[in-house]
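> give me the fold of what follows.
(one chain, ligands or ions: 2)
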Amino acid sequence: MATLKIKDVKKAFGHVKVIHGVDIDIEDGEFLILVGPSGCGKSTLLRMIAGLEETTAGSIILDDKIINKLPPRERDIAMVFQSYALYPHKTVRKNMAFSLQLAGTPKQEIEANVQNAAEVLDLTPLLERKPSQLSGGQRQRVAMGRAIVRNPKLFLFDEPLSNLDAKLRVQMRTEIKELHQRIKTTTVYVTHDQVEAMTMADRIVVMNDGNIEQIGTPMELYDTPDTLFVASFIGSPAMNLIEGHMNASGSFHSPTGLDIQFGGVAPKAALNKEITIGLRPENISTQDEGLSVGEAHIRVVEPTGSETLLSADLKGQSIYLLDRNRQTFSAGDIRQLSTIASDVHFFDKASGKRLPHDTE
Ligand code: ADP
Ligand code: MG
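Ligands and ions are numbered 1, 2, ... in the order given. Next up, the predicted model:
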């Protein structure tokens with residue numbers, strides 16, 4: 001078990017700065033996910049934790065010990081890669097035993113650890129197979145088995161599910177989460193997939209261009225995104241964003257002619273400003289919820305069974321709404337839309353920073 005502290009860590013490749021000073025405190029037993037678009041620096045940060053890249057500045061502290069000058073072998077960390085990196089000519093058993101053999105672990109202990117990891121991961125019947133005789137999901141589990149046998153202080157995962165098809169990805173998501181619930185090893189997991197991050201993480205770190213945008217639990221990021229970036233990155237279908245001006249009396253006006261009268265429920269921080277309002281698709285209703293958003297033309301109706309996604313035109317503004325009440329819609333319908341004032345997100349248009357409700 002272990003805590004991990006990342007303190008003002010920076011990384012440059014030559015003149016190119018890619019991580020600009022990152023601080024993260026990871027609790028013992030926590031499952032922390034780094035998420036962000038491709039190229040934002042997730043793998044670089046993970047590789048610095050593992051010791052595969054040098055840190056340009058700052059420190060990485062595992063259980064009160066600064067580790068970022070130590071070689072990877074001495075860090076007591078195991079990493080699982082997207083490509084699995086299994087030895088093709090070795091059996092599952094030998095793949096799993098290899099790192100322990102290198103470390104000079106006694107044979108009996110190796111046997112016991114491999115047996116134990118195989119049981120935890122449901123690999124016992126597959127121990128004598130070679131990687132080529134396994135499915136993608138099974139290979140993924142062997143890669144995890146190799147990490148588990150070492151009983152490390154910390155697990156690192158870099159997009160471990162990217163090579164699997166959609167259905168298997170969902171299944172492996174559950175398996176990894178269940179595994180973590182059982183063995184509780186502190187974990188840092190990298191993905192570009194916000195759904196993966198939402199479903200698996202205790203806490204999520206949203207990264208953008210080498211900086212941290214926000215750290216929080218999945219629901220904190222969903223309910224109170226600190227920035228426009230987080231608001232649009234977390235959630236699928238994405239939050240609707242509408243730019244406009246909020247006057248002193250809480251009347252919002254967009255350039256396309258949309259008017260929303262917030263009145264007294266407009267946050268004080270949002271008055272007299274160029275702002276962006278954010279509305280999650282499920283927070284827009286065709287029933288009266290109290291705050292009128294305007295009249296919309298339904299353009300496309302996409303039922304999935306449990307819910308229906310509607311694409312609509314709201315005074316020249318293209319928006320999505322999600323209906324979970326099994327209402328009947330047709331393309332061409334005209335509907336009055338409304339929302340609950342406390343469900344609306346407000347952001348400063350220039351800085352992208354959240355403008356909190358007066359109650360927040
Ligand atoms: P992510 O994993 O979030 O997709 P990476 O950490 O792989 O992003 O990359 C972050 C940035 O650092 C990218 O702009 C990438 O091109 C750059 N980068 C990564 N590795 C190297 C390297 N060895 N040399 C130069 N630039 C690199
Ligand atoms: Mg990467």
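> need the distance between the two termini of stretch 95-109.
Start-to-end span of stretch 95-109 (Cα to Cα, to the nearest Å) is 15 Å.
> buried residues, it. List them.
Residues of stretch 95-109 classed as buried by neighbour count (16 or more other Cβ atoms under 10 Å): 95-100, 105. Yep, even glycine has a C-beta here, placed from its N, CA and C like the rest.
> check stretch 113-120 too.
For stretch 113-120, by 16+ other Cβ under 10 Å, it's 113-114, 117-118, 120.
> next: stretch 197-214.
Under 16+ other Cβ under 10 Å, the buried positions of stretch 197-214 are 197-198, 200-201, 203-208, 210, 212-214.
> looking at the buried residues of stretch 113-120, which are in helices?
113-114, 117-118, 120 (DSSP state H).
> which one of the residues you listed is nearest ligand 1?
A117 (27.4 Å; Cβ to the nearest ligand atom).
> that closest one and V149 touch, don't they?
Yes: the criterion here is Cβ atoms under 8 Å, and A117 meets it with V149 at 4.7 Å.
> got any residues that touch both of the two?
In terms of Cβ atoms under 8 Å, 6 or more residues apart in numbering, A117 and V149 are both contacted by the residues M96.
> need the pLDDT of R150.
For R150, the pLDDT comes out at 87.
> nearest residue to T91 in space, please, no chain neighbours.
E128 (5.3 Å; Cβ to Cβ, 6 or more residues apart in numbering).
> same thing with R326?
Of all residues not flanking R326 in the chain, T308 sits nearest, at 7.7 Å (Cβ to Cβ, 6+ apart).
> thinking again about what came up before, the buried residues of stretch 197-214 in strands, which ones?
203-208, 212-214 (DSSP state E).
> can you convert the buried residues of stretch 95-109 into CSV and add a column each for distance to K42 and secondary structure?
Below are the buried residues of stretch 95-109 laid out as CSV (distance: Cβ to Cβ, whole Å; DSSP: H, G, I helix; E, B strand; the rest coil):
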residue, distance to K42, secondary structure
N95, 26, helix
M96, 27, helix
A97, 30, helix
F98, 27, helix
S99, 24, helix
L100, 29, helix
T105, 32, coil
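> looking at those, which one is closest to A269?
Closest approach between these and A269, by Cβ to Cβ: S99, at 53.4 Å.
> what about Q317, how many residues nearby?
19 (other Cβ atoms under 10 Å).
> per-residue confidence at the residue lying closest to A269 once chain neighbours are set aside?
Of all residues not flanking A269 in the chain, L355 sits nearest, at 4.1 Å (Cβ to Cβ, 6+ apart). For L355, the model assigns a pLDDT of 98.
> do I have it right that L355 meets E274?
No: if you go by Cβ under 8 Å, L355 and E274 don't touch, sitting 11.2 Å apart.
> show me which of the two is the more surrounded one.
More crowded of L355 and E274, by other Cβ under 10 Å: L355, with 22 against 11.
> closest one to T304 out of the ones in strands among the buried residues of stretch 197-214, please.
I204 (25.2 Å).
> for ligand 1, what are the nearby residues on the chain?
Contact residues, the chain versus ligand 1 (Cβ under 6 Å from any ligand atom): 13, 16, 18, 36, 38-44.
> how about 5 Å then?
By the rule Cβ under 5 Å from any ligand atom, the part of the chain lying against ligand 1 is 13, 18, 38-44.
> show me the helices in the stretch 51-200 of the chain, by range?
Under the criterion DSSP state H, counting those that start in this stretch, the stretch 51-200 of the chain contains helices at 92-102, 107-120, 136-148, 166-183, 194-200.
> so, low pLDDT: which residues of the stretch 151-300 of the chain?
For the stretch 151-300 of the chain, applying pLDDT under 70 flags no range at all.
> strands of that one, start to end?
154-158, 186-191, 203-208, 211-216, 240-246, 251-253, 259-261, 273-279, 291-303 (DSSP state E, counting those that start in this stretch).
> in a markdown table: these, plus distance to V142.
Formatted as a markdown table, the strands of the stretch 151-300 of the chain follow (distance: least, Cβ to Cβ, whole Å):
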| stretch | distance to V142 |
| --- | --- |
| strand 154-158 | 14 |
| strand 186-191 | 18 |
| strand 203-208 | 27 |
| strand 211-216 | 32 |
| strand 240-246 | 43 |
| strand 251-253 | 55 |
| strand 259-261 | 55 |
| strand 273-279 | 43 |
| strand 291-303 | 39 |
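> hey, which of those strands is tucked in deepest?
When the strands of the stretch 151-300 of the chain are scored by mean count of other Cβ atoms under 10 Å, the highest mean neighbour count falls to strand 186-191 (a mean of 25).
> partner strands of it, with direction?
Sheet pairing of strand 186-191 (DSSP bridges) gives strand 31-35 (parallel), strand 154-158 (parallel).
> so among the buried residues of stretch 95-109, where is pLDDT lowest?
Lowest confidence among these: S99, with 87.
> count of residues packed around A50?
If we define neighbours as other Cβ under 10 Å, then A50 has 19 of them.
> can you read off the backbone torsions of it?
Main-chain torsions, A50, degrees, to the nearest 10: phi -70, psi -20.
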